[in-house]
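[1] Let me see the structure of the following:
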Amino acid sequence: MLPSKMTFQALLLSLFCIALGKASMIIHTGHRKVKMGSNVTLSCVLTEPKEVLQVTWQKDSEKTRENIATYSNVKGLKIHKPFRDRLNFTSLVLNETNITFWDTRMDDSGCYICLFNAFPIGSFSGRTCLSVLGLNASVHYNISEGHLTAICNAVGLPEPTISWNGLFNSTPTQEKVRHANGIVSITSKLEIYDTQSLRGQELTCKVSNRNEEMELPVKMRKEESFSFLGLMITLGILLVVFVLIVIAVWWRKRICKRGQSGF
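    Model (predicted):
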């Protein structure tokens, strides 16, 4: 016999209340924001006494939840890669769990789930988020036949911006990627078809966000920046020398012919 509509609604309400009750039993740290390289602790506390067998921490990534650390009285603690040597439990009480990150990196940004596996009720979970504020950038270049291609990469939280200094007749292109943990990656590509336009000036990639800024000069060696000009000068000199040799040979032959005709 199928349950009535009222019975079905009551069942859904009951399940919702159970889930809400479990969630309300977890006190956790709020959204933490720290500078890259700092230490930070995330905490979860089970407010009602339960027979907790194991505590598990997970990182809530874009596609799945990844186990990063577990602890139980029977099996002890386990830190999973790549967090090993950078994270540890700083509280080994099963109903009050703390994990501490050392030397945080930007890719530690994201949300973390604490799971209390209790007998015989099941699991209780809480969720807390972490933002690691920082800025990383790099620049590299390539020169081929007087054509310069310079690429500047920036990764930051908050979102970074990229600009170029210098006088050049080129508009850089830019690609931006926003990641689920809030980090933004930007790639700026600049192409200069005449490196002679850079003579006497320095090409620099400027990267900044609300907290930091940095300048990355494109350090070209002189022989690279003027290689095309040097090649053209060398070819010109060789051409002039070749023409002079041809003229000298022709003139010598002409003089020889005049000398022979004079006898």
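
[2] in the stretch 101-250 of the chain, which spans are helices?
    With DSSP state H, counting those that start in this stretch as the criterion, the stretch 101-250 of the chain has helices at 222-225, 227-262.

[3] If I average pLDDT within each of the ones you listed, which one is lowest?
    Lowest mean pLDDT within the helices of the stretch 101-250 of the chain: helix 222-225, at a mean of 50.

[4] ok, the nearest residue to residue 187 once chain neighbours are set aside to residue 185 distance?
    With sequence-adjacent residues excluded and distances taken as CB to CB, 6 or more residues apart in numbering, residue 187 is closest to residue 175, at 4.8 Å. Bear in mind the C-beta positions are built from the backbone N, C-alpha and C, glycine included. Distance of residue 175 to residue 185, computed by CB to CB, to the nearest Å: 8 Å.

[5] Of those two, which one has the most company?
    Neighbour count, other CB atoms under 10 Å: between residue 175 and residue 185, residue 185 has more, with 16 against 10.

[6] Any idea what that one is bridged to?
    Beta-bridge pairing of residue 185 under DSSP bridges involves residue 155, residue 177.

[7] give me every residue that touches it.
    Residue 185 makes contacts with 153-155, 176-177, 179, as judged by CB atoms under 8 Å, 6 or more residues apart in numbering.

[8] With residue 208 instead?
    Going by CB under 8 Å, 6+ apart, the list of residues near residue 208 reads 135, 160-161, 214.

[9] Repeat the analysis, applying 6 Å as the threshold.
    Residue 208 makes contact with residue 161 under the criterion CB atoms under 6 Å, 6 or more residues apart in numbering.

[10] With the one 3 residues further on instead?
    Listed by CB under 6 Å, 6+ apart, the contact set of residue 211 reads residue 133.

[11] Quick check on it: phi, psi?
    When read as degrees, to the nearest 10, the backbone of residue 211 gives phi -110, psi -30.

[12] That one and residue 73, how far apart?
    Separation of residue 211 from residue 73 (CB to CB): 42 Å.

[13] Equivalent analysis for residue 198, please.
    Distance from residue 198 to residue 73, by CB to CB: 67 Å.

[14] of those two, who's got more company?
    residue 198 (18 against 10).

[15] Need phi/psi at residue 48.
    Per-residue torsions, residue 48: phi -110, psi 140 (degrees, to the nearest 10).

[16] count of residues packed around it?
    12.

[17] do residue 244 as well
    Residue 244: 10 neighbours (other CB under 10 Å).

[18] go on, the one 10 residues further on?
    Residues lying near residue 254 (other CB under 10 Å) number 10.

[19] list the contacts for it?
    So residue 254 contacts nothing (CB under 6 Å, 6+ apart).

[20] do you know how far it is from residue 193?
    Applying CB to CB to residue 254 and residue 193 gives a distance of 46 Å.

[21] Next: residue 205.
    Taken as CB to CB, the span from residue 205 to residue 193 is 19 Å.

[22] who has more neighbours, those two?
    Legend: neighbour count by other CB under 10 Å for residue 205 and residue 193, higher for residue 205 (25 against 13).

[23] okay, the closest residue to the more buried one other than its chain neighbours: pLDDT?
    Distances taken as CB to CB, 6+ apart place residue 152 nearest to residue 205, at 3.7 Å, with adjacent residues excluded. For residue 152, the model assigns a pLDDT of 98.

[24] can you tell me how far residue 152 sits from residue 214?
    Distance from residue 152 to residue 214, by CB to CB: 11 Å.

[25] These two: who's more crowded?
    Between residue 152 and residue 214, counted using other CB under 10 Å, residue 152 has the larger neighbour count: 25 against 13.
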